[in-house]
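S.K.: generate coordinates for the sequence data below:
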Amino acid sequence: MKGNYVQVKKQQGIAYVSFNRADKYNALDFNAFIAIDRVIKQLKKDRDLQVVILYGVGNNFCSGLDIKSVMKSPLQAVRILLKGLPGNANLAQRISLGWRQLPVPVIAAIEGCCFGGGMQIALGADFRVVSPTAQFSIMEAKWGLVPDMAGLVTLREIMPKDQALLLTMTAAVLTADEALKKGLVTEVVVDPMQRAETLAQMLMQTSPDANAAIKLSINLSWTASIRCLLRRETFSQIKLLMGRNRAIAALRQGKEPERPYEKRQSRW
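M.R.: Presented below is the predicted three-dimensional model:
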């Protein structure tokens, strides 16, 4: 799977998704939105997939929206923001929200700048492992805009409201350590890619169906009512008990520790 902006390389159950516009610090033009959205849809269909690792080439994750490029064509801006119903995700929102909706763990390995739309994409990942020199900013207010790529879905789960307001209204640039203190990132490490690969191997030791169910349950239940949480837990557990990977997980704890898991169930 290739595109002008995104490349995907799959190795032993891990999809390495790279943003490839290094000369522009991996800034997002219209084609980048289309390419990321297409890759997410393709990965969602891959039942052999177990983990996704996101990263940017050229030692930067993503510097955000390439405003000059997008604004050259008003039609492109409309297509990015267009949606059928107010509550549906548009193209801009899908390239952040889509990573949350994949039924596999998604790790963002972040170096360099992670600004604006890049920060929104990173917020769509389940884990953000970052280099000590990485920098972060929800930068839209600097351009007189509101963050509108669905990053708030994650932001409201990981950060107090006053801190989210302060970070968003000031468009402040945070160091890696500052971002860690605010809960914006998961870990600060010397080599984010190496840590992402180690974490991927750890995640692949558990059932892909269990990982899918846990991700779905936590994401949908985090701000839901207790009744919804209890219903979802029970539904997921019954589905797991009926699946082959639950039996394989039990075998891996005893007689067959190297027994491979089967493909993930078709729907989560």
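S.K.: quick one: the helices in the stretch 51-200 of the chain?
M.R.: Along the stretch 51-200 of the chain, counting by DSSP state H, counting those that start in this stretch, helices occupy 67-71, 74-81, 91-101, 117-124, 151-158, 161-170, 176-181, 192-203.
S.K.: list the contacts of the shortest one.
M.R.: The one in question is helix 67-71. The contact list for helix 67-71, computed with C-beta atoms under 8 Å, 6 or more residues apart in numbering, reads A27, L28, D29, F30, Q76, A77, I80, W143. Placement of C-beta: from N, CA and C, glycine included.
S.K.: which of these sits closest to G117?
M.R.: Of all the contacts of helix 67-71, G117 sits closest to L28, with 4.8 Å by C-beta to C-beta.
S.K.: pull out the buried residues from stretch 185-198.
M.R.: V185, T186, V188, V189, P192, M193, R195, A196, E197 (16 or more other C-beta atoms under 10 Å).
S.K.: how about the CA coordinates for that stretch, as PDB?
M.R.: Provided in PDB are the C-alpha atoms of stretch 185-198 (Å, rounded to 0.1, in the frame of the first residue of the first chain):
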ATOM      1  CA  VAL A 185       2.100  11.500  25.900                       C
ATOM      2  CA  THR A 186       2.600   8.000  27.200                       C
ATOM      3  CA  GLU A 187       6.400   7.800  27.600                       C
ATOM      4  CA  VAL A 188       9.500   9.800  26.900                       C
ATOM      5  CA  VAL A 189      12.300   7.500  25.500                       C
ATOM      6  CA  VAL A 190      15.600   7.900  23.800                       C
ATOM      7  CA  ASP A 191      14.600   5.800  20.800                       C
ATOM      8  CA  PRO A 192      10.800   6.000  20.100                       C
ATOM      9  CA  MET A 193      10.800   3.500  17.300                       C
ATOM     10  CA  GLN A 194      12.700   0.900  19.200                       C
ATOM     11  CA  ARG A 195      10.400   1.300  22.200                       C
ATOM     12  CA  ALA A 196       7.300   1.200  19.900                       C
ATOM     13  CA  GLU A 197       8.600  -2.100  18.400                       C
ATOM     14  CA  THR A 198       9.200  -3.500  21.900                       C
END
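S.K.: need the contact partners of it.
M.R.: 14, 53, 55, 107, 109-111, 127-132, 134, 136, 176-177, 179-180.
S.K.: cool, stretch 150-170 as well?
M.R.: So stretch 150-170 is contacted by 89, 92-94, 96-97, 100, 119-120, 123-124, 138, 140-141, 147, 172, 174, 182-184, 222-223 (C-beta under 8 Å, 6+ apart).
S.K.: ends of that stretch, what's the gap?
M.R.: The first and last residues of stretch 150-170 sit 19 Å apart, counting by C-alpha to C-alpha, to the nearest Å.
S.K.: now do stretch 122-142
M.R.: With C-alpha to C-alpha as the measure, stretch 122-142 spans 19 Å from end to end.
S.K.: ok, now stretch 112-120?
M.R.: Using C-alpha to C-alpha, the end-to-end distance of stretch 112-120 comes to 15 Å.
S.K.: what pLDDT, on average, does it get?
M.R.: The average pLDDT for stretch 112-120 rounds to 97.
S.K.: centre of the chain to that stretch, how far?
M.R.: Distance of stretch 112-120 from the chain centroid (C-alpha atoms, centre = their mean, to the nearest Å) equals 12 Å.
S.K.: wait, N211 sits on V104?
M.R.: Yes. The pair N211 / V104 is scored as a contact, 6.6 Å apart, by C-beta atoms under 8 Å.
S.K.: looking at the two now, which is surrounded by more residues?
M.R.: The neighbour count for N211 versus V104, taken as other C-beta atoms under 10 Å, is higher for V104 (26 against 22).
S.K.: for that one, give its distance to F127.
M.R.: 12 Å (C-beta to C-beta, to the nearest Å).
S.K.: shared neighbours of these two, which are they?
M.R.: Shared contacts of V104 and F127, defined by C-beta under 8 Å, 6+ apart, are absent.
S.K.: which parts of the protein belong to which domain?
M.R.: Domain assignment for the chain, taken from automatic domain parsing, gives 6-203, 208-252.
S.K.: what about the shortest one, how long is it end to end?
M.R.: I take that to be domain 208-252. End-to-end for domain 208-252, by C-alpha to C-alpha: 14 Å.
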